[in-house]
Each structure stands twice: as structure tokens, then as C-alpha cells.
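Trainee: task: produce atomic coordinates for the following.
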Amino acid sequence: MLYLHGWSDYFFQRELAEFFSAAGADFYAVDLRNYGRNLTAQSTPGYITDLQEYFAELDAAHRIMRAEHPQNRVVLLGHSTGGLTASLYAAQNPQKVDALVLNSPWLEFQATEFGRTAISALFAAGSRLNPLRELPRVDPGFYTRSVSSAYDGEWDYNLQWRPPQLSDHHRVRQRRVPRPGHRGEGPGAAAAGAGAALRP
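Mentor: Predicted coordinates:
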């Protein structure tokens, strides 16, 4: 099993790894580029222009998993925008993925088709003008306070690798993602999420 985290996140759920390992799974997780353990002083946290750029990391993980456990099936477990990345990877690499598990996946903007089209157009226009523009605050910290053991939650994680809030320090770059199964299928649609850049 290979776990893919979501936006503004990284793998820290040790209990999840222990659960699947105890159940007999060989559990792996990856911190995607510009996230978590892969952050460097030169990184723009979370920044990527195309989700397919992550496929090189997933291919590397796949090679490691196959080398260490050639008889095992490969299961991708994607959380939030990791679910979007995992879905795109599985669709384009069916020979490498035996099963796909989505945990609260972020697959598109939660709106009507008209709303998604309007939001996508706004992000596309804004990204052309200023791809690293600041975004308005979308969470004043409630989520972090509810999950982090540093506050009222139970998870112990690095607040530098998973910022306490999505604030005016966060930036977004539009990227195009395929929308198979949606009306108006085509080469892609603009979206925010894993392609956005975060600054702790």
C-alpha cells in the first residue's frame, strides 16, 4: 500500500501505518515534492504546475515496492488532493495499480457545473497574471486546533511541514487536470489544491 497525502500536508499518521502493517500490508508513504520532509530552504511549499509531475515520485515508489515485494498487489491510498493525484496516476498507469482507495478525496471544486466553470476561469485568469499571488485566508486555524496535539487534537506532527492555517501567505498556481467522467470532458480544467503553493 502506498499512501499519498493531501494539500498542505505530509505523512505523519504513524497509527495508520501500524494498523495496515498489523493487518499484513506492506505500508509505504511518500511526501511529495515541496511537502513535508521534501521541503528545503529553496522550496515553494506545495507548488507544482502539473499534477503529472508527481508521477516520477510515484514511479520511483512503485519500483521500490515491486523490488521489495514483487508478489504483492499495489494499492494506492489517497487522502484529499492525494486522492486526485492517485486517481490520475491510476487512470494513466493501470498496469501499476491494482486497487485505489480514496479517503475524503478532493476531486473538484464543490459547486454546480456552472460554478466550477466560473471558478476555474477565475483561477486561470489570475494565474496568468500572477501565478504566485496571495490567497485570502480560508481557515483561521480551526482545523489545526481540532487535530494537532499542540492544541486540542490528538495528532502529533510538525507544524512547519503542515502549516497551522491557510492564510494570506498561501499562493496558488493554476494547473490543468483531466476531468474524466464529467460532462464536457476535455483536456483539462483549472483547479486549486495540490497545485497551490503554501508558505508556513
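
Trainee: farthest from the middle of this protein: give me that residue.
Mentor: Farthest-out residue of the chain from its mean C-alpha position, per CA atoms, centre = their mean: Gln71, at 27.8 Å.

Trainee: now do it against Ala61, distance only.
Mentor: Remark: distance between Gln71 and Ala61 (CB to CB, to the nearest Å) = 17 Å. Backbone N, C-alpha and C define where each C-beta goes, glycine included.

Trainee: before we move on, what about Trp161?
Mentor: Using CB to CB, we find Trp161 at a distance of 19 Å from Ala61.

Trainee: before we move on, what about Glu113?
Mentor: On the measure of CB to CB, Glu113 and Ala61 end up 34 Å apart.

Trainee: for the nearest residue to Tyr157 once chain neighbours are set aside, which residues are in contact?
Mentor: Once flanking residues are discounted, Tyr157 sits nearest to Phe12: 4.0 Å by CB to CB, 6 or more residues apart in numbering. With contact set as CB atoms under 8 Å, 6 or more residues apart in numbering, Phe12 has these partners: Gly36, Trp155, Asp156, Tyr157, Asn158, Trp161, Arg162.

Trainee: which one of Glu113 and Ala61 has more residues nearby?
Mentor: Using other CB atoms under 10 Å as the criterion, Glu113 and Ala61 rank with Ala61 on top: 18 against 11.

Trainee: wait, isn't that one in contact with Tyr28?
Mentor: Yes - assessed by CB atoms under 8 Å, Ala61 is found in contact with Tyr28 at 6.1 Å.

Trainee: give me the below-cutoff pLDDT ranges for the chain.
Mentor: Counting by pLDDT under 70, the ranges of the chain that qualify are 134-138, 165-200.

Trainee: does Gly78 count as helix, strand or coil?
Mentor: strand (DSSP: H, G, I helix; E, B strand; the rest coil).

Trainee: what is the burial count for Asn72?
Mentor: 13.

Trainee: let me see the contact set for Leu4.
Mentor: Per CB under 8 Å, 6+ apart, neighbours of Leu4: Ala29, Val30, Leu32, Leu58, Leu76, Leu77, Gly78, His79, Gly82, Gly83, Thr85, Ala86.

Trainee: give me the buried subset of those.
Mentor: For the contacts of Leu4, a burial check counting by 16 or more other CB atoms under 10 Å picks out Ala29, Val30, Leu32, Leu58, Leu76, Leu77, Gly78, His79, Gly82, Gly83, Thr85, Ala86.

Trainee: which residues of this protein fall in strands?
Mentor: Taking DSSP state E, the strands of the chain run over residues 2-4, 28-30, 75-79, 99-103, 171-172, 175-177, 189-191, 196-197.

Trainee: enumerate every residue touching the closest residue to Trp161 other than its chain neighbours.
Mentor: In space, Trp161 comes closest to Gly36 once its chain neighbours are excluded; the distance is 4.5 Å by CB to CB, 6+ apart. By CB under 8 Å, 6+ apart, Gly36 lies in contact with His5, Asp9, Tyr10, Phe11, Phe12, Asn158, Trp161, Arg162.

Trainee: let's see that with 10 Å instead.
Mentor: Gly36 makes contact with 5, 9-12, 29-30, 45, 157-158, 160-162 under the criterion CB atoms under 10 Å, 6 or more residues apart in numbering.
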